[in-house]
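Trainee: Fold the following.
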Amino acid sequence: MAMSVGETGEAMCDINTTPLIDVMLVLLVTLIVTLPIMTHAVKLDMPQANNPPPPDQRPEVIDLEIDFDGTVVWNGTPIPNVDTLEGYFRTEAAKDPQPEIHLRPDARAKYDVVAKVLAAAQRNRMKKIGFVNVSEFKE
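Mentor: Have a look, this model is predicted:
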């Protein structure tokens with residue numbers, strides 16, 4: 001079987017790309033190896049060894065309930081308006097340690113009332129606020 005390669009006087013104009021691909025692969029591997037490894041650090045403020053642990057005292061707890069009709073109840077006592085509630089928040093925010101607020105909204109309470117109570121607490125610098133018994137809202 002014979003193979004025709006072309007005329008003998010004709011020059012080949014094709015570029016041999018195999019050495020170029022080899023050089024590019026070597027450069028790519030070199031680049032990948034020399035790139036610094038990205039480290040994602042999380043800054044943690046760890047307690048110092050020379051500081052004693054804080055005293056084990058339970059903070060005061062304020063039970064704040066919001067009924068379905070929008071009534072706000074502070075430790076069993078109904079609050080007539082938001083101004084009175086803000087006065088209570090100001091008094092409690094000045095205490096050291098600041099008491100915890102356990103907010104217990106009714107499942108049928110309007111979001112607007114709950115948002116206003118949370119905004120009043122935040123405005124008066126209450127820092128320890130938590131929702132209690134929210135498992136009944138999960139479907």
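Trainee: From now on I want contacts and neighbour counts done on CA atoms only, so please keep to that.
Mentor: Will do.
Trainee: Residue ranges in this protein under the pLDDT threshold?
Mentor: Applying pLDDT under 70 to the chain flags the ranges 1-9, 37-42, 53-54, 134-139.
Trainee: switch to 50 and redo it
Mentor: Along the chain, segments meeting pLDDT under 50 span 1.
Trainee: which parts of the top helix by length along it are buried?
Mentor: The longest helix of the chain (DSSP state H) is helix 18-34. Buried residues in helix 18-34, counted by 16 or more other Cα atoms under 10 Å: none are found.
Trainee: Name the next helix or strand downstream of it, please.
Mentor: strand 61-66 (DSSP states H and E).
Trainee: partner strands of that following strand, parallel or antiparallel?
Mentor: Within its sheet, and counting by DSSP bridges, strand 61-66 is paired with strand 72-74 (antiparallel), strand 100-105 (parallel).
Trainee: Helix or strand next in line after the shortest one, which one?
Mentor: Right, the one you point to is strand 72-74. Assigned by DSSP H and E, the successor of strand 72-74 is strand 77-79.
Trainee: And the contacts of stretch 123-136?
Mentor: Residues from elsewhere that reach stretch 123-136 (Cα atoms under 8 Å, 6 or more residues apart in numbering): 86, 89-90, 92-93, 98-105, 107.
Trainee: Now Arg108: closest residue in space, sequence neighbours ignored.
Mentor: Nearest residue to Arg108, sequence neighbours excluded (Cα to Cα, 6 or more residues apart in numbering): Phe68, at 5.0 Å.
Trainee: ok, now which ones touch that neighbour?
Mentor: By Cα under 8 Å, 6+ apart, the neighbours of Phe68 are 105-110.
Trainee: out of the residues you listed, which is most surrounded?
Mentor: Neighbour counts for the contacts of Phe68 were taken using other Cα atoms under 10 Å; the highest belongs to Pro105, with 22 neighbours.
Trainee: Thanks a lot, see you next time.
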